[in-house]
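Trainee: Predicted model follows, preceded by the sequence.
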Amino acid sequence: MRVIRVIAATTFREALRDRILYLFLGFAIALLASSKLFGILTVGDQAKIIKDMGLAGIQLFSMLIAVMMSVLLISREIDSRTVYYILAKPVRRWQFLLGKYAGLLAVVAVNLALMTAALLLFVWVYGGGVDARLLLATAMIGVEMAVLVAFATLFSVVTKPILGSVFTLAVFVVGHVSEDLWLLTRHLPGSVGRALATGLYYVVPNLERFNFKTEAVHQLAIPAAAVGWALLYGLGFTALALVLACLRFARRDLQ
Amino acid sequence: MRPRTVAALVTAAALLAGTVAVEQRLQTVSRADPLGRELLYLPTAEMLNLTSLGNAGFLADLLYLWSIQYYSQFQPHERFLYLETVYDLITDLDPLYHDAYRIGALIMQIQTGPDDAERQQAVIRLFDKGLANMPDNHELAEAAAWDMYVRYRNMEQAIRYVEAGVEMPGAPHRLKRLLAVWRDREEGLSFEEALAYWQEVREEAETEYDRVVSDRQIYRLFAARDTDRLDPLLERWSERTGSCPSSWKPLVDADWLREVPRDYFGQPYRILPESCSAKGLDEVRFD
Amino acid sequence: MTEVELRVHELRKTFHPGLLEPSVEVLKGLSLEVARGEIFGFLGPNGAGKTTTIKAIVGLVIPDAGEITIAGHPHDSLEAKRRIGFMAENPYLYTHLSGREYLRFSAELLGIPPPEVADRIAAVLAQVTMTASADRKMRTYSKGMLQRIALAQALLGEPELLILDEPMSGLDPIGRRDVRDLILGQQERGTTVFFSSHIIPDVETICDRVATVIDGAVRGVGAVRDLLAREVERYELTFTGADPARLATPLVASRVGSDAAWARVEAGHRDALIRELADAGARLVSLVPVRSTLEDLVVAQVEGRSGS
């Protein structure tokens, strides 16, 4: 546990020095500028548009940070051979990977927290109702990112950095559309396409399970079971991706 | 500076001036309905939903904002292209988008022209879709009822919406009263009844938007009552003098009026020379 | 027999770079043993498998077959790793940290008790003479300074086995002397040192024993003196009054200078040459036995392989 914590802390620090966190600043300014603009343009409820836009932006930026940083930081460590000195010490390979994962997740989480704070501020300034559902929706984006960073970790040990980013991005896209594709193929004749879509649906995490944006924006009731099972679902896929990553990394030659 | 540098700078400036001139020329060339063609290629709600990666609500916002800008460039007598399709798409993407139903219906109502009856059906379809998606939204039912009553004088539909609204949880008391009055008198409300109704709405309003809407209704009530009284005066004056007065001053001087008649906001009514009738502020605008 | 600190037995490794590229068999049954407390040099040409062997020992490369133990423990166990201090060739370190920050990170990974960390870091910084630059970011360091910090992190855990891959490469003469002194100092406190190098004079002067690795296997192991003694087989003669070109005795090499002539012969032809020079009336100026260097040894082994 000590080892994982130390590696996580160093990864977090490296990310901070990379100035990636300042993406947040760009996001905040963009949100400020555009919500002001949309405030001028819209007729009716400004807060709805700010919430929609804010949640979409938070998801997009978190995804970008997760995809770019994860693959970058793990591959950089391996390619630049700094990993040699870590693994020659009494450190297990899986401890190294979990440490990296924890550090990256902390980076994403801090960004998410800052963006959420900015969003709540904007919603409050523009007179929208700030309620717990908004916080829940962003927290579930965090769970989605936990799954995504785990997949990024997996891809960064099985493939090259650029491919790793592309694959992680693919998981994000497919994860959001797989349910719809699956539902669409149900109406189609032919069992091959249906079997493929079903397979895809179960192998790739259905990231829509973590989507509580509509409920947050329209202040609808959220069943506790939907949140609870989604947490378990996210945990399951995170563990799956990390176990696969550790398995692969345990047998990988570093050179 | 060396001559060559100067020559290069002058050339660059000349080129820039040239492109600016060409761009200004391009602006004057009218193109055949570019936005309409753009609308033809609007994707289906399913495709948009897929590409939004879980942000259909945000996509609905963007489309909504765009539609407001797009349709506000038209004049009421022009054809509003694909209006129903666009609002159908927006409300497919976000079925709970209250503003989109209300404003969509409003934009449809602004249009005038021969296919008015058809558009009235489109308005009804949009409100019905909204109430089907939000069966508890009594504000939408109330708005639908008033739009039917004020714009189309369609008492049957107006009463249907109020009836639906009354059944909804949390519906304000005024809806019940409105229903009773409308059922009693199919032709509508008296000035005092309507004024009392809208004043109550204004007092109970929780948003700036609702306040603006009720102010606008109150303004219209007063304007309708006043022009009903002023128009016969103008008619009689024209008959008597052979011409329409350009201002209210001659009528005040002749003691036909005690003072220059003013509207709800304190602005004097205008006199439209072609019809020789009194007129308040122009039509509904979004601001 | 003294205790074995590091034992590598029948190590085999083949790399498979990709679908379209041929596989490379780097280690072909490499074996060696390093006794506790000795300084052991690991010599061989580039591509012979030195770095792969070292990476296998510290657990960066996973061998296809073979066994590695450190003080009797399997090399990938935490017990084994706690005993190792490792420095790679061409060290790459976190450039966003200062030297001291990096050593603190290393100390935390090693599990050094927090109260001791600061003292231990100060001690290793002094050992590698980096105390003055310890608080600068490492991106401002020269290659030699990075190497010193890499060495410092290897020493930080007070290892009983120090594994160094090319520790002298890229260093100036003063740096090389410092590293040499440091290795000898480590031996005095009982540390076993295993290092690879291609700078043969350094190996000659400080190693107790040497292994030469060629083409993925160990060709010769032994004390430097023994390895060389077996191979000292040549003599150099300087003389006047005879033309080397006309001598009947086969020469390895010869040259005619302004004052005297010079020739090198195999040991077996030494007496014949002296007799021939005497018969020709020439005067022998000097007779010097040529001790072959490790370099000759390695070259001879490489050539022997290609010849066979």
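Mentor: Great, that's in hand. Everything numeric here is computed off the predicted structure, so don't read it as measured data.

Trainee: When you work out contacts or count neighbours from here on, use the C-alpha atoms and nothing else.
Mentor: Fine.

Trainee: Can you give the distance from the host helix or strand of C:Glu101 to the centre of its chain?
Mentor: Following DSSP states H and E, one finds C:Glu101 within helix C:99-110. Relative to the centre of its chain, helix C:99-110 is centred 27 Å away, using C-alpha atoms, centre = their mean, to the nearest Å.

Trainee: Right, and chain B sits closest to which residue of the stretch 51-200 of chain C?
Mentor: In the stretch 51-200 of chain C, the residue that lies nearest chain B is C:His96 (36.5 Å; C-alpha to the nearest C-alpha).

Trainee: What is the neighbour count of that residue?
Mentor: By other C-alpha atoms under 10 Å in any protein chain shown, 17 other residues sit near C:His96.

Trainee: Next: A:Met140.
Mentor: There are 23 residues near A:Met140, going by other C-alpha under 10 Å.

Trainee: Neighbours of the spatially closest residue to it that is not a sequence neighbour, how many?
Mentor: Spatial nearest neighbour of A:Met140, chain neighbours left out: A:Phe210 (5.4 Å); criterion: C-alpha to C-alpha, 6 or more residues apart in numbering or on different chains. A total of 26 residues lie near A:Phe210 under the criterion other C-alpha under 10 Å.

Trainee: got the contact list for A:Phe210?
Mentor: Taking C-alpha atoms under 8 Å, 6 or more residues apart in numbering or on different chains, we find A:Phe210 in contact with A:140-141, A:143-144, A:227, A:230.

Trainee: need the residues of the stretch 101-250 of chain A near chain B, please.
Mentor: By C-alpha under 8 Å from any C-alpha of the partner chain, the residues of the stretch 101-250 of chain A that approach chain B are A:173, A:176-177, A:180, A:208, A:211, A:213-214, A:218.

Trainee: right, and the pair among those residues with maximum separation?
Mentor: A:Val173 and A:His218 (24.7 Å; C-alpha to C-alpha).

Trainee: hang on, the earlier thing: touching chain A at all, the helix holding C:Glu101?
Mentor: Yes. Residues of helix C:99-110 contacting chain A under C-alpha under 8 Å from any C-alpha: C:105-106, C:108-110.

Trainee: can you pick the most crowded of these?
Mentor: C:Ser106 (24 neighbours).

Trainee: my guess is that one meets C:Gln153, correct?
Mentor: Yes. At 6.5 Å, C:Ser106 and C:Gln153 qualify as touching, with contact defined as C-alpha atoms under 8 Å.

Trainee: Phi and psi next, for C:Glu266.
Mentor: With angles defined as degrees, to the nearest 10, C:Glu266 sits at phi -70, psi 150.

Trainee: In terms of pLDDT, where does it sit?
Mentor: Looking at C:Glu266, its pLDDT is 84.

Trainee: try C:Leu125
Mentor: Predicted confidence (pLDDT) for C:Leu125: 95.

Trainee: mind listing what the single nearest residue of chain A relative to chain C touches?
Mentor: Closest approach between chain A and chain C, counting by C-alpha to the nearest C-alpha: A:Asp253, at 4.4 Å. A:Asp253 sits next to C:60-62 when contact means C-alpha under 8 Å, 6+ apart.

Trainee: From those residues, pick the one nearest A:Pro189.
Mentor: Distances from A:Pro189 to the contacts of A:Asp253, taken by C-alpha to C-alpha, are shortest for C:Ile62, at 49.8 Å.

Trainee: Hmm, the closest one is touching A:Phe249, no?
Mentor: No. C:Ile62 lies out of contact with A:Phe249 (C-alpha under 8 Å); the separation is 10.9 Å.
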